[in-house]
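Trainee: Have a look; sequence and predicted model below, questions after that.
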Number of protein chains: 2
Amino acid sequence: MRLTEKRIAAALRQHGYKLTPQRRVVIGAITASRGQLTPAELYRKVHQEHPNIGLTTIYRTLEILGSLELVCELHAGGSGRSYTIGTPEHHHHIICSGCGEVVDFSGYDISPLEERLTRETGFEIEGHLLEFTGRCQRCRQNA
Amino acid sequence: MRLTEKRIAAALRQHGYKLTPQRRVVIGAITASRGQLTPAELYRKVHQEHPNIGLTTIYRTLEILGSLELVCELHAGGSGRSYTIGTPEHHHHIICSGCGEVVDFSGYDISPLEERLTRETGFEIEGHLLEFTGRCQRCRQNA
DNA sequence: TCTCTAAATGAAAACGATTATCATTTATAT
DNA sequence: ATATAAATGATAATCGTTTTCATTTAGAGA
């Protein structure tokens, strides 16, 4: 249940952000992609059709979308930052090391482990990071 | 069961790397720390006692130690890179958002989830990333 | 519809982190 | 003790990201 352009646009407005043409384009490019995107990749995509949109706007838009959890930041991939489209529910990601495609999954309850850790370590758990990397079907067949 | 200076030194030699005084110092600083360290932090620590050791050497040493899995790279923290000392067994980390202390844990079997994902998504799982953030006991008491 | 204002934009510069270069030094095998 | 490939440190180069600032504009209100 990935977020749609409309929902993202509505969420932006709801939080007092203006819905500029540039932001529409960026949001469109993110929702159209099946995979993870670095800021530079997103810029390249956007720049083809809209050469007047600057890299700075890409960064600023990603920052806002991230803060509203409309996009998710990925960590397991390479060295740089990369993003994928968000969903309304809590979920995690599997990222293809071949093509970068991102598949969401949910329904995995991590709280038993959190309780164990609270008990054993005395930490008050605040958050977690759970991602998988692997090879998607298509990339496996092409090999 | 964190790795000791001796074990790390031995592993380096075993893989054909030279055991230079600079590397000894870097390894010493990493094993002495209870928390996560960015390259810059590690440099600062090392630089106090050994002003002639350059930042480049820090980066190069971390790269080697990382490739041999003698240190672990952390992701859940801030934006930059950070490392912590490794262990012989597979494990995961809890990182204190207050002081940066890192606690290892193991004995959590993630393979049932991996099997579910293989079944449901067709991915061949290659690896995973599992980290927790939270507040350690000491930081909670100081608040 | 017109006007106004705070927010958003884009170009450029600044910045910080990381990597490459290269002449010099050194750990280790012999 | 020697030879040699590896490692080092200073510097420059590079990359990704953020800041700055003058200009433009979305959206609220008249």
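Mentor: Ah, there it is.

Trainee: going forward, measure contacts and count neighbours with C-alpha atoms only.
Mentor: Noted.

Trainee: Let's verify A:Thr84: helix, strand, or coil?
Mentor: strand (DSSP: H, G, I helix; E, B strand; the rest coil).

Trainee: swap in A:Gly66?
Mentor: helix.

Trainee: which residues does it contact?
Mentor: A:72-73 (Cα atoms under 8 Å, 6 or more residues apart in numbering or on different chains).

Trainee: Find me the pLDDT at it, would you?
Mentor: Looking at A:Gly66, its pLDDT reads 98.

Trainee: if I look at it, how far off is A:Ile27?
Mentor: Separation of A:Gly66 from A:Ile27 (Cα to Cα, to the nearest Å): 12 Å.

Trainee: go on, A:Phe123?
Mentor: 38 Å.

Trainee: A:Glu131 now?
Mentor: From A:Glu131 to A:Ile27 the distance is 23 Å (Cα to Cα).

Trainee: neighbour-wise, which of these two wins?
Mentor: A:Ile27 (25 against 21; other Cα atoms under 10 Å in any protein chain shown).

Trainee: Checking my notes, the more buried one in a helix, right?
Mentor: Yes: using three-state DSSP, the assignment for A:Ile27 is a helix.

Trainee: so who does the closest residue to it other than its chain neighbours touch?
Mentor: Distances taken as Cα to Cα, 6 or more residues apart in numbering or on different chains place A:Glu5 nearest to A:Ile27, at 6.3 Å, with adjacent residues excluded. Neighbour list for A:Glu5: A:24, A:27-28, A:31 [criterion: Cα under 8 Å, 6+ apart].

Trainee: near DNA strand D, from these?
Mentor: Applying Cα under 7 Å from any atom of the strand to the contacts of A:Glu5, one finds that nothing falls near DNA strand D.

Trainee: and which of those residues is nearest DNA strand C?
Mentor: Closest approach to DNA strand C among the contacts of A:Glu5 (Cα to the nearest atom of the strand): A:Arg24, at 8.1 Å.

Trainee: secondary structure element for the closest one?
Mentor: Using DSSP states H and E, A:Arg24 sits in helix A:21-32.

Trainee: List the contacts of that helix.
Mentor: Against helix A:21-32 from outside (Cα under 8 Å, 6+ apart): A:3-5, A:8-9, A:37, A:42, A:45-46, A:53, A:57-58, A:61, A:84-85.

Trainee: which residues does the residue nearest to A:Arg34 when sequence neighbours are not counted contact?
Mentor: By the measure of Cα to Cα, 6+ apart, the closest residue to A:Arg34 outside its immediate chain neighbours is A:Glu101, 5.6 Å from it. For A:Glu101, the contact set (Cα under 8 Å, 6+ apart) comprises A:34-36, A:95, A:136.

Trainee: A:Arg60 and chain B, how far apart?
Mentor: 16 Å (Cα to the nearest Cα, to the nearest Å).

Trainee: quick one, phi/psi of that residue?
Mentor: phi -70, psi -40 (degrees, to the nearest 10).

Trainee: Which strands and helices lie in contact with the lengthiest strand in chain A?
Mentor: Longest among the strand segments of chain A by residue count, using DSSP state E, is strand A:124-135. For strand A:124-135, the packing partners by 3 or more Cα pairs under 8 Å, 6 or more residues apart in numbering or on different chains; DSSP states H and E come out as strand A:92-96, helix A:111-121, strand B:124-135.

Trainee: most neighbours per residue, which of the ones you listed?
Mentor: Mean neighbour count (mean count of other Cα atoms under 10 Å in any protein chain shown) peaks for strand A:92-96 among these, with a mean of 23.
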